[in-house]
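Trainee: Let me see the structure of the following:
(one chain, ligands or ions: 1)
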Amino acid sequence: MGGKKKPRTRFICWNCGQAVPLKFSGQACPNCGAPLTPAAYDARAHELAKQRAQVERELNRLQAQLDSATKKNTRWGIFKNFRFLPSRRAMDELLLQIQPLKQQIEDFSRKGRFASERYYVSEWFRQSRRFLREDILDAREKSNNPFKMPYYDQSGVFHMAPDRGNAWKRGEYGEYVVFSLLSDAIDAGLLGHARLLWHLYVPVRQRLVMRRVATVESTDEIDIALLTTHGLYSIEVKSLYSSIEVRLDNCKDAYCVTATPVGQDGQILTNGITIDMGVAQNTAHVRALRTELDGLVAPQRIFNVTTYANQCGFEMHAPQGFRYAYVTTTSDCPENIVEVICRIEQKVAACWTNAEVDVLAERLAISYTDSDGSKRANHAKALSTARHSVADSPKPHKKRAHKLKTKAQPKYQSRKSQFIDEDVRDYLNGDYDD
Ligand SMILES: [Zn+2]
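Mentor: Numbering: from 1, shown residues only. All right, here's what the predicted structure looks like:
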């Protein structure tokens, strides 16, 4: 290839093949109106895989006929290439039919290369702004990327190959897996009207008695927040690549989670067993969230969910919901995070309308995911251009946001400012339509 690669600013619409600016991720194609969502790309990939399998079956049938015709033809020895021989004519006809089928299969594999586009239309990308490695210019940013590459397999199922090079990458990949599981569950209608938020920075306040004011001592990072009409889930993600066992510790009146590391070839490494503190960490996050949202969200509506992003084994030897906490996994079993949340939703009555879920999600996004204030500015701009009455919109928590602003999150800020830089560059390059 060679030459400097430009950062990605557009993706291809699955329906019309047009290059669409990234800002249409999750919306309708501005050219043809098709939905630019993961579900739509998956449906297209599935359909292509089905068609391809049909063509392959037909190709195999013709190939078998060609083989037998060739066998017959070789019996003619030195006369085998005479056109008047029936076996020779059959071979020529079959070759004529086989050629376009081979071309069709090649076309299918080219059309199937929409895995990157499927990534860029995901809610995860819209919130994390984490670009795929192939679309990143900065060398350090590239090497810090937790994804190897996305791909569709032969049956049209989407996969993301991870780069588990270090603990940080493993952690972020785990968050991606959990976020995507929940996002797909929402798209499939399993959780009713729901919203997801990635990385909430919730201030942990301590009262200074002398000055009688609450000050922000530090911020707690909540990996993923899920809002449904039934409540707010604070989700702590642990990416351990260990076999997990959950029991009740009767002395400490809490869950006890043991993590047994699993080696590369799947063997259990019993000399590295640790007690994981994920549930206790999330209990602290939930406490901070309850204080912060006092008067807005009832404390019993904030659920404590810890999830182990692993496929190495998960054994639950305790009831779920002990002291309002839940311990879950991403693997396929009754303790899968989506299944556990669905069970909670069935047990607990709804407390919010769909509109209230949206208002609360906006409030949380503006107050706790907006460390540099850019979202608040965009929100205000959008409101004024739409000529909405300010009284109708949720008011941002100015004081809190200001305090958060002074408490910079280096990781988050560099990610955000990099994206703004890219936006400006795209604009200068004329890559955006507006
Ligand atoms: Zn289109």
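Trainee: Next, count neighbours for residue 57.
Mentor: 10 (other CB atoms under 10 Å). Bear in mind the C-beta positions are built from the backbone N, C-alpha and C, glycine included.
Trainee: I meant to write residue 17 there.
Mentor: Around residue 17 there are 10 residues (other CB under 10 Å).
Trainee: Poorly predicted segments of the stretch 251-400 of the chain, please.
Mentor: Low-confidence regions of the stretch 251-400 of the chain, defined by pLDDT under 70, span residues 370-400.
Trainee: can you do 90?
Mentor: Across the stretch 251-400 of the chain, the ranges flagged by pLDDT under 90 are 251-254, 261-273, 310-313, 323-324, 366-367, 369-400.
Trainee: Any residues of it in contact with the ion? List them.
Mentor: For the stretch 251-400 of the chain, no residue is in contact with the ion (CB under 5 Å from the ion).
Trainee: quick one, strands of the stretch 251-400 of the chain?
Mentor: For the stretch 251-400 of the chain, the strands defined by DSSP state E, counting those that start in this stretch cover 254-261, 274-276, 302-308, 314-316, 325-329.
Trainee: Distance to residue 91 added to the ones you listed, as TSV?
Mentor: Converted to TSV, the strands of the stretch 251-400 of the chain look like this (distance: least, CB to CB, whole Å):
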stretch	distance to residue 91
strand 254-261	60
strand 274-276	66
strand 302-308	59
strand 314-316	58
strand 325-329	57
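Trainee: Most tightly packed of those strands?
Mentor: Looking across the strands of the stretch 251-400 of the chain with neighbours counted as mean count of other CB atoms under 10 Å, the highest average goes to strand 302-308: a mean of 26.
Trainee: Run through who's touching it.
Mentor: Residues from elsewhere that reach strand 302-308 (CB atoms under 8 Å, 6 or more residues apart in numbering): 178, 231-238, 240, 242, 244, 257, 278-279, 281-283, 285-286, 289-290, 293, 314, 324-330, 337, 340-341, 344.
Trainee: Which members of these are classed as buried?
Mentor: Buried positions within those, assessed by neighbour count (16 or more other CB atoms under 10 Å), are 178, 231-238, 240, 242, 244, 257, 278-279, 281-283, 285-286, 289-290, 293, 314, 325-330, 337, 340-341, 344.
Trainee: Please list the members of the residues you listed that lie in helices.
Mentor: Among these, the members found in helices (DSSP state H) are 178, 278-279, 281-283, 285-286, 289-290, 337, 340-341, 344.
Trainee: Closest one to the ion out of these, please.
Mentor: Proximity of these to the ion (CB to the ion) peaks at residue 178, which lies at 30.6 Å.
Trainee: Let me know the pLDDT of that closest one.
Mentor: pLDDT, residue 178: 98.
Trainee: contacting residues around the closest residue to it other than its chain neighbours?
Mentor: Once flanking residues are discounted, residue 178 sits nearest to residue 237: 5.0 Å by CB to CB, 6 or more residues apart in numbering. Neighbouring residues of residue 237 by CB under 8 Å, 6+ apart: 171, 174, 175, 178, 223, 224, 307, 309.
Trainee: By neighbours, which of the residues you listed wins?
Mentor: Counting by other CB under 10 Å, top hit in the contacts of residue 237: residue 307 with 32 neighbours.
Trainee: bridging residues for that one?
Mentor: Under DSSP bridges, the beta-bridge partners of residue 307 are residue 237, residue 328.
Trainee: Outside of stretch 265-278 itself, list whatever touches it.
Mentor: Defining contact as CB under 8 Å, 6+ apart, one finds that stretch 265-278 is touched by 236, 238, 240, 242-244, 256-263, 306, 308, 312.
Trainee: Could you list the alpha-carbon positions for that stretch in CSV?
Mentor: Output of stretch 265-278 as CSV, limited to C-alpha atoms (Å, rounded to 0.1, in the frame of the first residue of the first chain):
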residue,chain,number,x,y,z
ASP,A,265,-3.9,-24.1,26.5
GLY,A,266,-6.8,-24.2,29.0
GLN,A,267,-5.1,-25.8,31.9
ILE,A,268,-6.0,-24.7,35.5
LEU,A,269,-3.1,-22.9,37.3
THR,A,270,-3.9,-23.7,40.9
ASN,A,271,-0.9,-21.9,42.3
GLY,A,272,-2.3,-18.4,41.3
ILE,A,273,-5.7,-18.5,43.0
THR,A,274,-6.8,-15.0,44.1
ILE,A,275,-9.8,-13.5,45.9
ASP,A,276,-11.4,-11.0,43.5
MET,A,277,-12.7,-7.8,45.0
GLY,A,278,-15.0,-6.7,42.1
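Trainee: For the closest residue to residue 342 other than its chain neighbours, grab the count of nearby residues.
Mentor: In space, and not counting its chain neighbours, residue 342 is closest to residue 190: 6.1 Å by CB to CB, 6+ apart. By the criterion of other CB under 10 Å, residue 190 has 15 neighbours.
Trainee: Could you give the separation of stretch 290-308 from the chain centroid?
Mentor: Averaging C-alpha positions (CA atoms, centre = their mean, to the nearest Å) puts stretch 290-308 23 Å from its chain's average.
Trainee: pLDDT score assigned to the residue nearest to residue 178?
Mentor: The per-residue pLDDT of residue 237 was computed as 97.
Trainee: quick one: average confidence on the strand or helix carrying residue 119?
Mentor: Taking DSSP states H and E as the criterion, residue 119 maps to helix 115-120. Across helix 115-120, pLDDT averages out at 95.
Trainee: For that helix, buried residues please.
Mentor: 115, 116, 117, 118, 119, 120.
Trainee: for stretch 352-369, same thing?
Mentor: 352, 357, 360, 361, 362, 363, 364, 365, 366, 367, 368, 369.
Trainee: swap in stretch 218-228?
Mentor: So, applying 16+ other CB under 10 Å, buried residues of stretch 218-228: 219, 220, 221, 222, 223, 224, 225, 226, 227, 228.
Trainee: Where does the second one sit: helix, strand or coil?
Mentor: Going back to what we said before, that points to residue 220. strand (DSSP: H, G, I helix; E, B strand; the rest coil).
Trainee: count of neighbours near residue 180?
Mentor: Applying other CB under 10 Å, we find 19 residues neighbouring residue 180.
Trainee: From what I see, it and residue 122 are in contact.
Mentor: Yes. Counting by CB atoms under 8 Å, residue 122 is a contact partner of residue 180 at 6.9 Å.
Trainee: Now do the strands in the stretch 51-200 of the chain.
Mentor: Under DSSP E, counting those that start in this stretch, the stretch 51-200 of the chain gives strands at 147-152, 158-162, 195-208.
Trainee: among those, where is the model least confident on average?
Mentor: Among the strands of the stretch 51-200 of the chain, strand 195-208 has the lowest mean pLDDT, at a mean of 81.
Trainee: Next, the buried residues of that strand.
Mentor: 195, 196, 197, 198, 199, 200, 201, 202, 203, 205.
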